[in-house]
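**Q** Sequence below, structure please.
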Amino acid sequence: MKITEFGNGFLFGSKNIKVYFKDAQGNTVKEEKVRVVNIMEPNNKSLYDITWKDENQVKITMNYEGETKISTYNFNTEQMKISTK
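**A** Below is the predicted model of the structure:
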């Protein structure tokens, strides 16, 4: 799991990022668009934390200015869930 490009909610930039989930061969198995919840802070790598819950589930924590979003994806079931804190 790797985030390689960031949208930017700052001023006139993109207000969304795309998260790509890839299999071991590098093929995209799921793509998800997530709204960036920043008003003044530029979007950058330091806002994201990727951790593996186990060998099949990844958790992405997105720490925005006014809200934290948590995305979990299960590669076995190909299901994704986004929650907010």
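**Q** Now Asp23: closest residue in space, sequence neighbours ignored.
**A** Val29 (5.3 Å; Cβ to Cβ, 6 or more residues apart in numbering). (Glycine included, C-beta is placed from N, CA and C.)
**Q** For Asn62, the count of nearby residues, please.
**A** Slight slip there: residue 62 is Met, not Asn. 23 (other Cβ atoms under 10 Å).
**Q** what about it, helix or strand, and which?
**A** strand 57-63 (DSSP states H and E).
**Q** quick one: the residue nearest to Asp23 is in a helix?
**A** No. Per DSSP: H, G, I helix; E, B strand; the rest coil, Val29 lies outside any helix segment and is strand.
**Q** show me what contacts it?
**A** With contact set as Cβ atoms under 8 Å, 6 or more residues apart in numbering, Val29 has these partners: 21-23, 75, 78.
**Q** Local confidence estimate at it?
**A** The model reports Val29 with a pLDDT of 88.
**Q** List phi and psi for the residue lying closest to Glu31 once chain neighbours are set aside.
**A** Among residues not flanking Glu31 along the chain, Tyr20 sits closest, at 5.4 Å (Cβ to Cβ, 6+ apart). Note on Tyr20: backbone dihedrals following degrees, to the nearest 10 are phi -110, psi 130.
**Q** Please name the residues that touch Tyr20.
**A** 28, 30-31.
**Q** Could I get the pLDDT score of Asn56?
**A** At Asn56, pLDDT is 92.
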